[in-house]
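Q: The following comprises the amino acid sequence and a computationally predicted model.
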Amino acid sequence: MGLLATLSFLLSHHIDHRVAKPFCFDSLTSGVAQSQTAICPNNLLDLGVSALTPLPRGDGEVHSLNPLLKNRFEALKAIAEKSRISIRLTSGFRTRAKQEALYLAEVKLKGSETLAAHWVLPPQLSQHTRGLAIDIASIEGSVGMAWVQEHSNEVGLCRIYANERWHFEAVIAPGAACPQLTPDPRSAR
Ligand SMILES: [Zn+2]
């Protein structure tokens, strides 16, 4: 192989590895499959490539729920409906002001910042203010939430805390295994 051919081989090889192929959700079949190209076909929902990270913004602030996280929830909802489980979002993106208010109310209720952080994190630590966390509820109650915990990894969502069965984050690629639960928000951050 000549130098030019080697170089172009290396380049194309390199580029090939860098092409991120997203996982796509087909609402007709409720199936998740990794795309063969860098984007999902038009009719499929883009679930992203891997664990989701904050969207880069000029001011470093996020202003809405991560769109891929939103898609992952929509996909989970569709799969759940096939099993006659009905789920909904009870919380998603929160502004820093909203998170601060929740945190301060919890501090007041529990009597200390340490005790409060078992349940509510301050804005700088919460994944809700980064658009990377959702809280889920099910009409079927604990049966529904057990279903959610069992199936959420199929779309790249994981329960994070042992003491919050409703809180989910997109910390894995769809289909991967979820990490072990951490006891509570305070011990995790
Ligand atoms: Zn939460």
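A: Now that the structure is in, tell me what you want to look at.

Q: Of all residues in the protein, which one is nearest the centre?
A: residue 170 (2.1 Å; CA atoms, centre = their mean).

Q: So what does the residue of the chain found nearest the ion have for phi and psi?
A: The chain approaches the ion most closely through residue 167 (3.5 Å), counting by CB to the ion. C-beta here means a position set from N, CA and C on the backbone, and glycine is covered the same way. Note on residue 167: its backbone torsions stand at phi -90, psi 120 [degrees, to the nearest 10].

Q: what's the answer for the one 4 residues further on, then?
A: Dihedral angles of residue 171 (phi, psi; degrees, to the nearest 10) stand at phi -90, psi 0.

Q: My guess is it contacts residue 153. True?
A: No: between residue 171 and residue 153 there is no contact under CB atoms under 8 Å: 9.8 Å.

Q: and the protein, which residues reach the ion?
A: Listed as neighbours of the ion in the chain under the rule CB under 5 Å from the ion: 133, 135, 167.

Q: What does the pLDDT read for the nearest residue to the first one once chain neighbours are set aside?
A: The spatially closest residue to residue 133, leaving aside those adjacent along the chain, is residue 127, at 3.7 Å (CB to CB, 6 or more residues apart in numbering). Turning to residue 127, the model gives it a pLDDT of 94.

Q: SS state for residue 127?
A: Of the three states, residue 127 takes coil according to DSSP: H, G, I helix; E, B strand; the rest coil.

Q: and it, how many neighbours?
A: Using other CB atoms under 10 Å, residue 127 has 24 neighbouring residues.

Q: so how far is residue 40 from the residue of the chain closest to the ion?
A: According to CB to CB, to the nearest Å, residue 167 and residue 40 sit 27 Å apart.

Q: Same check on residue 22?
A: Taking CB to CB, one finds residue 22 at 6 Å from residue 40.

Q: residue ranges of the strands in this protein, please?
A: Under the criterion DSSP state E, the chain contains strands at 23-26, 31-34, 45-48, 87-91, 133-138, 158-161, 164-169.

Q: for stretch 128-148, which positions count as buried?
A: By neighbour count on 16 or more other CB atoms under 10 Å, the buried set for stretch 128-148 is 128-138, 140, 144-145, 147-148.

Q: Next: stretch 23-34.
A: For stretch 23-34, by 16+ other CB under 10 Å, it's 23-26, 32.
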